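**Student:** Fold the following.
(2 chains)
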Amino acid sequence: MKKINIGVIGLGNMGYLHLMSCLHMNDINVIAASDKSKNALKKAENLGVKNVYDDYQYLINKQSKELDAVVISLPNFLHFDSIQQSLEAGLDVFIEKPLSISVDESKKISRLVEKSGKKLMPGHCMRFLPAIEKMKKTADEGKLGNLEIITLESIQNGPLSHGLVPKPIPGWWFDPKRSGGGALIDLGYHLIDLFRFFAGDADVEFSCLDYKYNLPVEDGATVILNSKKSSTRGVINVGWFEKTIFPKFNFRTILHGDADFISTDQLLPRNLYIHAIEEGAKNFLRRVTGRKIHPLSYTYYYECHFKELRYFFNCINNDTNPSISAIDGLRTVEILEEAYKFSQRDSSTQTHLSLH
Amino acid sequence: MGKIVSLVHVQSEEEIKNSIIEALDLISFKVDKNINHVIIKPNLCYYWNASTGYTTDPLVITCIIDWVKDKCGNNTDIKIVETDATAMRTNLAFSILGYKKLATEKSVELLNLSDFPNIIKKVKVQNHEIEFKIPEPLQDVDLFINVPKLKLMRVTGITCGMKNLFGCISSPRKIVYHSYINEAIVGINKILNPDVTIVDGLVALGRHPINLGLLMASTDVFSIDWIASKIMGYNPSNLEFLKIAEREKLGSRKGITTVGDNLDEFKRLFPKQGIISTEHLWSLQLGLLKFYSKIVNDIIPPVVQE
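**Tutor:** Numbering: from 1, shown residues only, chains lettered A, B, ... in the order given. Presented below is the predicted three-dimensional model:
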C-alpha cells in the first residue's frame, strides 16, 4: 500500500489528537506540522515530526511537493484561507468542522474543490459514532417506519471546558467575526449534520438563541428543522452552560418513527468506566496475539475522530470521493446561517436571560 | 468582638439582605457614616456561575451593596474587585457571571485589579520571604469587605476567607505560588486586612454543590476559616495554612465562638470529601490509562491527559 504523506496544521486539542491518530496508522507518514505555539511544536517534535512550522503558510509553501494531504484543525476564521492555500497547492484536505464561518466562504470552497479535483472532507465526526452508525442502519432497514421527529441534544461547556486544571480560553471563541458564532456553530453544527444524515435535507422552521452568559456570541440555542424530503421535523438543543468533565458527555439523539423509536441512550455504554475496562482488555488481547488494536475505542466518543480520519485516508488510497463532501459542509453552514437569521427576525424569540 | 463568627440560615432569595444584616448585627459590626471608599472582593475563580458553588453569588453582593448604601449613603464609592487568574480573565468573568449587569443596576464600579499599577510588598512567613504585587486600588480603602465562597479545594483542603485574599495578588500567574501555597496565603493575609468577611455559603461546594443556605460573618478572617473548616468536615488544627497562621500570630484558636444558627446543622448537610478525593481518582485513572497506553500503544486524547 502506498504511504500517504501528511501535514498536520493546528495542534490544539483536536489537532494534537489527529496528529497522534496519524502517527498510529502504518500507511501514513507525518511529514510536517504547524502551530503558533512553541510548546505544541516541541510536543510534535518529541513525537518524531521532523519539520515543524509556526505558520501554516510556510508548511504549505515549503512542503507541498512532498505532501499528499493536510489535516487542518485551526480556529474557525482560518479555515477558508488554509483550505484555499492547500487546495491550490494540490493537496487533499481534511478540515475540522465547521467548513468555514460563512455561506460565501463555503461556496467558494466548494467551487475550489470542484476546480482542483482534490478531495475535501469536513470533520462531521458524529456520523462515525458507533451508536449513530447503528441508528442509521436501523432507520435505513425500515425498522422505525417513517421518521417523524428527530430529537438532538448536546449540552456541554464548549470553550469553557477544562480538565483538572483550567487553561486560558483563546479570544477568538467569543469574537463572532472570528468564530462565526457560539454554541450553535460549535455544537449545533454536528446536530444539523446528523439531522441531514437521517432525514435528508433541512430547512429552518424556528430558531432562538440564548445569551445567559452575556457573551458576544450565543451560549445556547434551540432550532427546529423540517425536511421537505422526508417530512421529518428535528428539534435541536445546544448549550455551553453545563459544567461537566469527560467521561460525562451530555449528548443524545432520538429517532421517533411510525413503527418504533431508537435512542442513543439505549446504545451508548451505560458506564464508560466499565466500557473502558472491557475495550482496554480487548485491545490488550489483540496486542498480545499480534492483531491490530482499535485505537481510542476505550473512550467510546473519541474513537469517531480516529475513524473519520481513517475513512478519509482510505478514500485517498482508493481514489474515491468521501461520502461527506464540501457540499455537506456548505449545506450545514447554510442551515446555520438560516438559523442565525431567523433568530434575529423576531427579537421576541430571543431569550436574553440574566443569571437571576 | 473579633473572634465571634455568626452563622445565619437563609431560607429564600428574598431573605438574603435581612440575613446579611442579621449576620453583621450578631457580630456587632458597625460602619462609620463617613466612609467613602468601599472595596468588595468576591470569589470569581472561573466562569462557573453561583449555582455550581464555585463563585460568589451576585445576589449576595447586590444585598451587601444595598446594606452599604443604607449605612453610608447612596453616593458611597463602591468597587467590586477581582484579579485575573492563570486561566480566568476577570472582565470576561464579570460579564458571564452577571456582575456587569449588577454594576449597571447598582451604579458601582467593577475593577480588574490586574490592570492597575502595583506596590511590591515583602513579608516573612516561617523565615521564608515572599514578594507580592498588591494592586494600588487596595491601598486607601475605608471599608474592605471580603466575600468568599465556602468550598473544598484540592491544594489547601478548604478555601474560604483567607484564600480569597490570595485572589488579590495582581499577577495572573498565581500558579507560581502553588509550591508554597499555604505560606503564600498566610503572607497575603499579613498584608491585607479586611474589615469584615461575609461568607457566601448559599450554594456550598463539597463533593458536589449543595444548597446549604448559609451566610457567615466575622471581622476575624482566621476565626471564620476555623469555623468554615469544621463545617466542611476538617479538623482545622490539621489544615496547614491555619497551622502556619497560628504560628505567625495571625490568629488563634482560643476564644473563637459562634453565634446564630447551629454549626452542626450545616456540618451535617455539607457534602464532605470521601476518603479518596476526586483529584486522587483522576490521578489514579490517568496513571492506569498511561500504563495501559504504554503496554498496548493506544492513544490518550489530550483533553483527558490535562
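
**Student:** Break down chain B into its helices, ranges please.
**Tutor:** B:16-26, B:58-72, B:90-96, B:99-106, B:161-166, B:181-191, B:221-231, B:240-247, B:263-269, B:278-296, B:302-305 (DSSP state H).

**Student:** these two touch, right, A:His79 and A:Ser102?
**Tutor:** No. Counting by C-beta atoms under 8 Å, A:His79 stays clear of A:Ser102, with 10.2 Å between them. All C-beta atoms are positioned from the backbone trio N, CA, C, and that covers glycine.

**Student:** so A:Gly290, which of the three states?
**Tutor:** Going by DSSP: H, G, I helix; E, B strand; the rest coil, the secondary structure assigned to A:Gly290 is coil.

**Student:** roughly how far apart are it and chain B?
**Tutor:** As judged by C-beta to the nearest C-beta, to the nearest Å, A:Gly290 and chain B stand 13 Å apart.

**Student:** thought B:Asn118 was touching B:Glu136?
**Tutor:** Yes. The pair B:Asn118 and B:Glu136 qualifies as a contact (C-beta under 8 Å) at a distance of 6.8 Å.

**Student:** How about B:Thr62: what's its closest non-neighbour residue?
**Tutor:** B:Leu102 (5.7 Å; C-beta to C-beta, 6 or more residues apart in numbering or on different chains).

**Student:** Quick one: the strands in the stretch 101-250 of chain A, in order.
**Tutor:** A:120-123, A:147-155, A:203-210, A:220-227, A:232-239 (DSSP state E, counting those that start in this stretch).

**Student:** which of those strands is buried the deepest?
**Tutor:** Counting by mean count of other C-beta atoms under 10 Å in any protein chain shown, strand A:120-123 has the highest mean neighbour count of the strands of the stretch 101-250 of chain A, with a mean of 28.

**Student:** quick one, domains of the chain?
**Tutor:** In the absence of a named chain, chain A is used. Per automatic domain parsing, the domain ranges recorded for chain A read A:4-125, A:126-356.

**Student:** not what I meant, chain B
**Tutor:** B:4-274, B:277-306.

**Student:** now the stretch 101-250 of chain B, which segments are flagged as low pLDDT?
**Tutor:** For the stretch 101-250 of chain B, no stretch has pLDDT under 70.

**Student:** got the buried residues for stretch A:266-277?
**Tutor:** Neighbour-count burial for stretch A:266-277, counted by 16 or more other C-beta atoms under 10 Å in any protein chain shown, picks out A:267-269, A:272, A:275-276.

**Student:** let me fix that: stretch B:118-130
**Tutor:** Neighbour-count burial for stretch B:118-130, counted by 16+ other C-beta under 10 Å, picks out B:118, B:123, B:125, B:130.

**Student:** got it, and stretch A:155-172?
**Tutor:** If you call a residue buried by 16+ other C-beta under 10 Å, then stretch A:155-172 has these buried ones: A:155-163, A:166, A:169, A:172.

**Student:** interface residues of the stretch 1-150 of chain B facing chain A?
**Tutor:** Proximity of the stretch 1-150 of chain B to chain A, by C-beta under 8 Å from any C-beta of the partner chain, involves residues B:13, B:46-50, B:52, B:54, B:58-59, B:86-89, B:92, B:95-98, B:100-101.

**Student:** Swap in 7 Å and give it another go.
**Tutor:** By C-beta under 7 Å from any C-beta of the partner chain, the part of the stretch 1-150 of chain B that sits against chain A consists of B:46-49, B:52, B:58-59, B:87, B:95-98, B:100-101.

**Student:** for the stretch 151-300 of chain B, same thing?
**Tutor:** Near chain A, when you scan the stretch 151-300 of chain B using C-beta under 7 Å from any C-beta, you find B:279, B:282, B:292, B:296, B:298-299.

**Student:** Mind doing that once more with 10 Å?
**Tutor:** Proximity of the stretch 151-300 of chain B to chain A (C-beta under 10 Å from any C-beta of the partner chain) is limited to residues B:154, B:172, B:175, B:209, B:278-279, B:282-283, B:285-286, B:288-289, B:292-293, B:295-300.

**Student:** sorry, back to before: farthest pair in the residues of the stretch 1-150 of chain B next to chain A?
**Tutor:** B:Leu59 and B:Ala87 (25.1 Å; C-beta to C-beta).

**Student:** Need the domains of chain A in CSV (columns: mean pLDDT).
**Tutor:** Putting the domains of chain A into CSV (pLDDT from 0 to 100) gives the following:
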stretch, mean pLDDT
domain A:4-125, 97
domain A:126-356, 92
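
**Student:** Could you export the ones you listed as TSV, including distance to B:Asn238?
**Tutor:** Shown next, in TSV, are the domains of chain A (distance: least, C-beta to C-beta, whole Å):
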stretch	distance to B:Asn238
domain A:4-125	38
domain A:126-356	24
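
**Student:** Which of these sits closest to B:Lys254?
**Tutor:** Of all the domains of chain A, domain A:126-356 sits nearest to B:Lys254, with 37.8 Å by C-beta to C-beta.

**Student:** re earlier: what about A:His79 and A:Ser102, which has more around it?
**Tutor:** Set A:His79 next to A:Ser102 and count neighbours by other C-beta atoms under 10 Å in any protein chain shown: A:His79 wins out with 27 against 17.

**Student:** Would you mind listing the residues in contact with the more buried one?
**Tutor:** A:10, A:72-73, A:93, A:95-101, A:105-106, A:109, A:122, A:180, A:329 (C-beta atoms under 10 Å, 6 or more residues apart in numbering or on different chains).
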